[in-house]
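**Q** using only what follows, build the 3D model:
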Amino acid sequence: MDRPAYHHGDLKSALITAALAAVEQRGPEAVSLRDLAQSLGVSRAAPYRHFANRDALLAAVAAKGFEELTVVYETALAGPGDGRERLRRALVDYLEFARRRPGLHALMFESDFLQRKPPPRVMIGPADRAYEVLWEAVAGAFPGADPVWIRARTVTMLSTVVGYRVLGNVDRFKPHMVDPLTPAELLDAVLEAAIGEGPARLG
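**A** Okay, here's the model as predicted:
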C-alpha cells in the first residue's frame, strides 16, 4: 500500500486529527505517537518533528476541543430568543457536545494540563476564549448586573453543568438517585440551578 505523501504542515494536522479520533473512541490514554505514526504510514521519528512528546500532542487536541466548544457557544448565542434563552441553549449544546465526546471532554476538563505551571501555551488562548464567550453569554442573560456578580455566576454555573456532565459520563446517576425524574426533567432542574435568577436589585 502506498504511504501518504505529507507536505509541509500536513503531518501535524493529520496527527491532531488522528489523535482526536483516538481520544474520542478510547480516551486520552489510547494515544500513542508510535501507533499514530504507523497508522499514518510515516516513520516513528516523524511525529517528533511537530510534537516534543505525547503530552504536547494531547495538549493540541485539547486546544482543538476548546476551539470547537467556542463555536458551539457562539452558534447558540447567535440564535433567536432573549439573552436568557440563548444562554440556556449554549448550556444545552455544551452538554450535548460533552455527552457525544466524553473522551475529548475528559481531556479538556479533567486532565491536569491547565494546572501546570505554566500550562501548555497551545491551550491557553482557546481555553480562555471559550470561557470569555460563556462569560459574555451570562452578561447577556442578565443585562445591567455587576461584573463581579457576573463572574461569580459564571463560575457557579460552569461548575454545575460540568459536574453534571462528568458524573453523567461515568454513569453516576443511578435510578434510586433520580427516580421518578425523567432525563428531561433532570436536565431542566440542572439548568434552572445553573442559570438561576438575577441579582435581587434586577429582579
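
**Q** okay, now the domains of this protein?
**A** 1-51, 63-202 (automatic domain parsing).

**Q** can I get these in TSV including distance to L57?
**A** Bear in mind the C-beta positions are built from the backbone N, C-alpha and C, glycine included. Putting those into TSV (distance: least, Cβ to Cβ, whole Å) gives the following:
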stretch	distance to L57
domain 1-51	4
domain 63-202	10
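
**Q** quick one: which of these has the weakest pLDDT on average?
**A** Among the domains of the chain, domain 1-51 has the lowest mean pLDDT, at a mean of 85.

**Q** which other helices and strands contact the helix or strand containing K12?
**A** Assigned by DSSP states H and E, K12 belongs to helix 10-26. Contact here means 3 or more Cβ pairs under 8 Å, 6 or more residues apart in numbering; DSSP states H and E; on that basis helix 10-26 packs against helix 33-40, helix 54-77, helix 102-109.

**Q** nearest to R121, out of the ones you listed?
**A** helix 54-77 (8.5 Å; Cβ to Cβ).

**Q** residues in contact with the closest one?
**A** For helix 54-77, contacts defined as Cβ atoms under 8 Å, 6 or more residues apart in numbering pick out 15-16, 19-20, 23, 28, 31-33, 36, 47, 51, 86-87, 89-90, 92-94, 97, 101, 104-105, 107-108, 111, 113, 120, 122-123, 125-127, 129-130, 133-134, 136-137, 140.

**Q** if I look at A127, how far off is L15?
**A** Using Cβ to Cβ, to the nearest Å, A127 is found at 20 Å from L15.

**Q** what's the following helix or strand after the host helix or strand of T156?
**A** Element membership of T156 [criterion: DSSP H and E] is helix 147-169. Once helix 147-169 ends, the next helix or strand along the chain (criterion: DSSP H and E) is helix 175-178.

**Q** and whatever helix or strand comes next after that following helix, how far from the chain's centre?
**A** Next helix or strand after helix 175-178 toward the C-terminus (DSSP H and E): helix 183-195. Helix 183-195 has its C-alpha centroid displaced from the chain centroid by 19 Å (Cα atoms, centre = their mean, to the nearest Å).

**Q** going by neighbour count, list what's buried in helix 183-195.
**A** 187, 190-191, 194-195 (16 or more other Cβ atoms under 10 Å).
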